[in-house]
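Visitor: Got a predicted structure plus its sequence, pasted below:
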Amino acid sequence: MNKPASFANWKLFWKRWGVGLSVAGVIIAAIAYYYARSPQATEAVLASTLRQSVPLVLGALCGLLGERAAVINIGIEGQMLMAAFVGFLVNVYTGNLLLGVLAGIAVGALLGLLLAFMSVTLKIDQIIGGTVINILAIGLTGYFYKVGLSGHGKLNAIPLGPLAKIPLLGPVLFNNPPITYTAIILVFVVHYVLFYTPWGLRTRAVGEHPRAADTLGINVYLVRYVNVVVGGALAGLAGAYLSLEAVGSFERLMTNGRGFVALAVMIFGKWTPLGSWGAALLFGFASAIQTQLQFGGKVNIPPQFIGMLPYLLTIIVLAGFVGRARPPAADGIPYEKEG
Amino acid sequence: MSEIALEVRNIVKRFPGVLANDHVNFVLRKGEVHALLGENGAGKTTLMNIIYGLYRPDEGEIYVDGQKVTIDSPHDAIRLGIGMVHQHFMLVPVFTVAENLILGAEPTKGWSLDLKAAREAVRRLSAQYGLEVEPDAVVEDLPVGVQQRVEILKALYREAKILVLDEPTAVLTPQEVEELFVIMRQLTQRGVSIIFITHKLKEVLAIADHITVMRRGKVVGTTTPAETDEAGLAAMMVGRQVVLQVEKTPAKPGEVVLEVENLEVEDERGLPAVDGVSFEVREGEILGIAGVQGNGQTELVEAITGLRHIRNGHIRLGGQEAPERAPRYLIEHGMGHIPEDRQKHGLVLSYTIADNLVLCTYYQPPFARGLQRNQAAIVENAERLVNQFDVRTPSIFTTAGSLSGGNQQKVIVAREFSRPLKLLVANQPTRGLDVGSIEYIHKRIIQMRDQGVAVLLVSAELDEIMSLADRIAVMYRGKIVAVVEAGQVSKEELGLLMAGSGIEKARAG
Amino acid sequence: MAEPAKRTSGWPNVRRFVRSIAVPLGAVALALIIGAVIIELSGASALKAYEALAQGAFGNARGWQRTLEKSTPLIFSGLAVAFAFKAGLFNIGAQGQLLFGAITAAWVGFAVHGLPPGIHAAVALTAGAIAGGLYGAIPGALKTYTGAHEVITTIMLNYVAMGFTDYLANGPLKDTSPGNIVARTPKILPSATLPTWHWLPFGFVLAVAAAAITWWILRRTTLGFEIRTVGQNPHAARYAGMKVARTVILTMVLSALLAGIGGAVETQGVVKRYEPGFNANLGFDGITVALLGKTDPFGVIPAAMLLGAMRAGSNQMQFKAHVAQEITDVVQALMLFFVAADMIVRWLLRMRQAEEGEKITLSTGWGAQ
């Protein structure tokens, strides 16, 4: 490559990554500043940020897998709730945490299958289909839940040997429970699958122009089914995170709207896994700060107002960023084969 | 090896209420261009969709290379060496050329896509067939002519021996059509057989080796360019000798009704679509806007009819500056609008004909009394208009969605013409209609002109423009490149203008 | 081909009516059957449970009154969802709008003194309606001006409303009478309460009237025509000169107004004060009611009464048949599923596919217009 071209590449590089790099720079500087002032609090907030972001990023991955194939999944909340509950129940009755997690994943996938059946095969309006799942999950978990069930422990942090001893980075990044690690790995796996494999290319084609994919012999329905079911499994993992890793027990309506926030995270992340991760960390940070504010006792704001923070942030993000990024062109539209 | 690449025998395909293909027989020889000619709705596209596995025939057989085959999906068709370039391109707009090429048949390295191999495939095929394209260009940024090449490359990448081109010239300038014909010739020399679907007679005579004409789902006959001419083909296509000329008296232009000055309008992506356009339309004249689709006509009409934001410039109706994006103001001041997409803008398909007929006037007396709608007046209005405009429907309570395209258009025309008009804006008023409806709508538009209405007619069909318009403005890349008196310019000259050549050049060439 | 509308003879309309209620009835039956299976699986008797449920809901005048009281807010939230639905909007925020309506009515009910009985009640009701309506204007405006999809914004606003009303009931509007430690407002004055005649709550009468007015607006007025046109085809609405943005916001406000009245009626007629956590799922229940009632205002009434009866009788069921009340939520979710998946019910009933009619699409991307 000759010189002017590489100069142009630099310009292109800056245009593409410049904003991201600047933001990253500011964030690193801020972290360094606060770490110098109070290491414990900074560590606590950052670790909490990462963990709070786990269900959001998993939910967002679920949402974007579906929407990249043009299926809107408004039922993530219900998938998470149901998975959290079943995962918890399995843990209660078997005493095995891993089985609980797997059960949660399976339940999420199963509800994904239900959503795919409703929106791909029956061609029900996807918003209504997702709402059915949400209401079903609230009803079923409410009915089968009995107060006083107690689980057998929760998933504990696994320090990654010497890495966990690095100041700041160690406790934040390398001393986490298994689902948190898995979520971070999954971000990169989904990114790879979506943008570097034939399956990803086909998925994106199905989301943008399903008829074009169809005329090339790609099975549009199959692609949608698989993506929605796999997405459901991820939402299931998010549910398992809530009941088996974060809390260690189940509470009614414990998802608390995270499934919907995850959709805003996905939009903010422009339907990309890496972008969604960044957005999820931002939301995670809002929640972490919220905890700090509530227990720090320095500011005198009613707790209810602090509690609204993530929801208000969601609205602001939606209002500010919808329309900036382009959703998949066929998003939400059932595919009708010709003939 | 047989001389016949593809043969279909006795194909029958029924849709609810329509016999789309009625015992169709068709033979494609190796290395020929075989034109399939017919009006909109004659069953050409249905037949091709059957061959490509998108529809399943109710009866009949298909032979490829002399072997009887069943084609249940595009997958089967691709395997049999059949490629199709659809009328509406089947390209993913946000993908690159290379990504579109390999979609569905991806080269891989391990689990990953091998985009390098894809790019090489684009270059190799480009060189082999003389189809210039840049592998890393994003498809939505390419001109339509180049997008079409990508479509052809896609078929060639899948080693198509039989290529179906569905109305490939509809979106091209006359010059691009010439280039396409050169490409088609090159392909046939390399052994590809081409089915060329069109309703344009001249093109058929210019390129085809054989011509099969379809009408109302049936094959009317097969012929060659040597044995026939335009008039002969037109007669076969329509079933009677058609008068292609619309009868009209010379225009008597009066006061200026619509005045457009220095208009600038942007498209969805914020790029200039209309770039400094000025013109006026007078009482009692038809100004035709000619141009290849996608040169800013849609945006121009949407701006004039109040549906799109104006970046700069003025639109005056009857001497008054029209407020921006205010369709109701325009409607109340005498504008009628036959929109380009009748199902998207012109009708509420789930509403009854009666409700559609008051879509713009529902809030005025007699259709409204205070807050309430006046059902009796709405019904009375519908019965009168359905009669007057010859809408063929079982009842005025039938939903608009269940009408044929021609009758849907008549509902729109009836609604718009039932108000006292000063200006009529008609965008592609006869697209996709049968000959009978086209004639009817043409007659009505002339009638409006003769009553003193100013008419702005936008059409991609040069014949329509030439037979209706009194003056013709040619639009190219968002600009009006020439305004000429109808009758003082030939079709060829207009074609050159539409391709962006100046008028002098047009005259010289 | 479409069948010609037969306006002259009455019989086809009767047949059409039967056909139109067949799917909801089938959905209800299927949901009850599956609910019975779940009850049996969890070791109780389904027959006993349903019998106790019916007893509790309709067994005596008290039961009827409870059923009607439970139905009342459901009618309002169902109407709210159905009304917005006609404009292509999915208002899941009835919950939050209802909370604002309820707490505002309570505030006017206990804080304003000296108004004559009927007037005071009317003022409180109106205040509740306006509060709910204004809260509904937010998602409407967000949708039109920023493209933020109302499904997510209304859900988020539900959480915000819960937090805000919780704050009010715990803080500025808290019942300060000695002995009270929970978050709730003082009791409203008798002059602001809505009466109950024998077993018929006045709120229920209001709900039926609201249904009739909603029907009138949608079917008989030019505003209704605009709303429906925007819902069916916003492009055509814009083409025809309708103000789509204004219609969307107005529809959201009117929809939320209905939800707000629902909250006010509940406060003034049943609870007599504001307490956080009452009827926690009314927003989602409104969706079930609306779809079960085929988004028709008059269909909403029987649908809401069905759900209301399940609520009213569930106590009895838990007491007599030892089946957890939440089974009604399960059955309700199943009803929604079968109504939405009407193809399943049609197939079971061997019915032809859906006749052509007005169809709403909610899921067309996130704010892409």
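Guide: Happy to help now that I have it.
Visitor: Around chain B, pick out the residues from chain A.
Guide: Those residues of chain A that sit near chain B, judged by CB under 8 Å from any CB of the partner chain, are A:196-198, A:200-202, A:204-205, A:208-209, A:211-218, A:326, A:329, A:337-339. No exception for glycine: its C-beta is placed from N, CA and C like everyone else's.
Visitor: and residue 228, how many residues sit next to it?
Guide: As the question left the chain open, I've gone with chain A. The tally of other residues near residue A:228 (other CB atoms under 10 Å in any protein chain shown) stands at 30.
Visitor: let's do chain C instead
Guide: Residue C:228: 23 surrounding residues under other CB under 10 Å.
Visitor: which other helices and strands contact the one helix or strand it maps to?
Guide: With the criterion set as DSSP states H and E, the secondary-structure element containing residue C:228 is helix C:222-232. Contact here means 3 or more CB pairs under 8 Å, 6 or more residues apart in numbering or on different chains; DSSP states H and E; on that basis helix C:222-232 packs against strand B:372-373, helix C:61-86, helix C:202-220, helix C:234-239, helix C:244-265.
Visitor: hmm, the helix or strand just after the longest one touching chain A?
Guide: Next in sequence after helix C:61-86, counting helices and strands by DSSP H and E, comes helix C:94-111. No - no part of helix C:94-111 sits near chain A under the criterion CB under 8 Å from any CB; the closest distance found is 10.4 Å.
Visitor: Just the buried residues of helix C:94-111, please?
Guide: The neighbour-count check on helix C:94-111 (16 or more other CB atoms under 10 Å in any protein chain shown) flags C:94-110 as buried.
Visitor: other SSEs contacting it?
Guide: Helices and strands in packing contact with helix C:94-111 are listed as helix C:61-86, helix C:117-146, helix C:150-170, helix C:244-265, helix C:282-292; criterion 3+ CB pairs under 8 Å, 6+ apart.
Visitor: tell me which residues of the second one are tucked away?
Guide: When you say that, I think you mean helix C:117-146. For helix C:117-146, the neighbour count (16+ other CB under 10 Å) marks C:120-121, C:123-136, C:138-144, C:146 as buried.
Visitor: mean confidence score for that helix?
Guide: Summarised as a single mean, pLDDT over helix C:117-146 is 94.
Visitor: do it and chain A meet?
Guide: Yes - applying CB under 8 Å from any CB, one finds helix C:117-146 in contact with chain A at C:142, C:146.
Visitor: Next, the angle helix C:61-86 makes with that helix.
Guide: In terms of direction (axes from the mean of the first three to the mean of the last three CA atoms, to 10 degrees), helix C:117-146 departs from helix C:61-86 by 30 degrees.
Visitor: same check, this time on the third one
Guide: Angle of helix C:150-170 versus helix C:61-86, following the same axes, to 10 degrees, is 130 degrees.
Visitor: State the number of residues packed around residue C:167.
Guide: In terms of burial, residue C:167 registers 20 neighbours under the definition other CB under 10 Å.
Visitor: gap between the nearest residue to it once chain neighbours are set aside and chain B?
Guide: Once flanking residues are discounted, residue C:167 sits nearest to residue A:304: 4.0 Å by CB to CB, 6 or more residues apart in numbering or on different chains. To chain B, residue A:304 is 42 Å away according to CB to the nearest CB, to the nearest Å.
Visitor: tell me the pLDDT at residue A:304?
Guide: Model confidence at residue A:304 (pLDDT) stands at 84.
Visitor: Also near chain B: which of the buried residues of helix C:117-146, exactly?
Guide: Taking CB under 8 Å from any CB as the test, chain B is in contact with none of the buried residues of helix C:117-146.
Visitor: helix or strand for the residue of the stretch 51-200 of chain A found nearest chain C, which one?
Guide: Distances between the stretch 51-200 of chain A and chain C by CB to the nearest CB are smallest at residue A:139, namely 3.4 Å. For residue A:139, the element it lies in under DSSP H and E is helix A:126-144.
Visitor: so how far is whichever helix or strand comes after that helix off the chain centroid?
Guide: Following the chain from helix A:126-144 toward its C-terminal end, the next helix or strand by DSSP H and E is strand A:158-159. When C-alpha coordinates are averaged (CA atoms, centre = their mean, to the nearest Å), strand A:158-159 and its chain have centres 22 Å apart.
Visitor: again, but for stretch C:23-35
Guide: When C-alpha coordinates are averaged (CA atoms, centre = their mean), stretch C:23-35 and its chain have centres 20 Å apart.
Visitor: Would that stretch count as contacting chain A?
Guide: No - residues of stretch C:23-35 are not located near chain A by CB under 8 Å from any CB, the shortest gap being 9.6 Å.
Visitor: Can you tell me what sits against that stretch?
Guide: The list of residues contacting stretch C:23-35 from outside it, by CB atoms under 8 Å, 6 or more residues apart in numbering or on different chains, reads C:46, C:50, C:292-294, C:299, C:303, C:306, C:327, C:330-332, C:334-335, C:337-339, C:342, C:344-346, C:348-349, C:351.
Visitor: Can you point out the buried residues in stretch A:134-146?
Guide: Of the residues in stretch A:134-146, those buried by neighbour count under the rule 16+ other CB under 10 Å are A:134, A:135, A:136, A:137, A:138, A:139, A:140, A:141, A:142, A:143, A:144, A:145.
Visitor: Let me know how buried residue C:275 is, in neighbour terms.
Guide: The criterion is other CB under 10 Å. On that basis, residue C:275 has 17 neighbouring residues.
Visitor: shouldn't it be in contact with residue C:169?
Guide: Yes - with contact defined as CB atoms under 8 Å, residue C:275 and residue C:169 form a contacting pair (7.3 Å).
Visitor: Need the overlap of contacts for those two.
Guide: Joint contacts of residue C:275 and residue C:169 (CB under 8 Å, 6+ apart) are C:183, C:184, C:185.
Visitor: where does the first one sit relative to residue B:3, distance-wise?
Guide: Note on residue C:183: its distance to residue B:3, by CB to CB, to the nearest Å, is 89 Å.
Visitor: Mind checking which of these two has more residues around it?
Guide: For residue C:183 and residue B:3, the more surrounded residue by other CB under 10 Å is residue C:183, and the numbers stand at 19 against 10.
Visitor: Could you verify that that one is part of a helix?
Guide: No - under the criterion used here (DSSP: H, G, I helix; E, B strand; the rest coil), residue C:183 is coil, not part of a helix.
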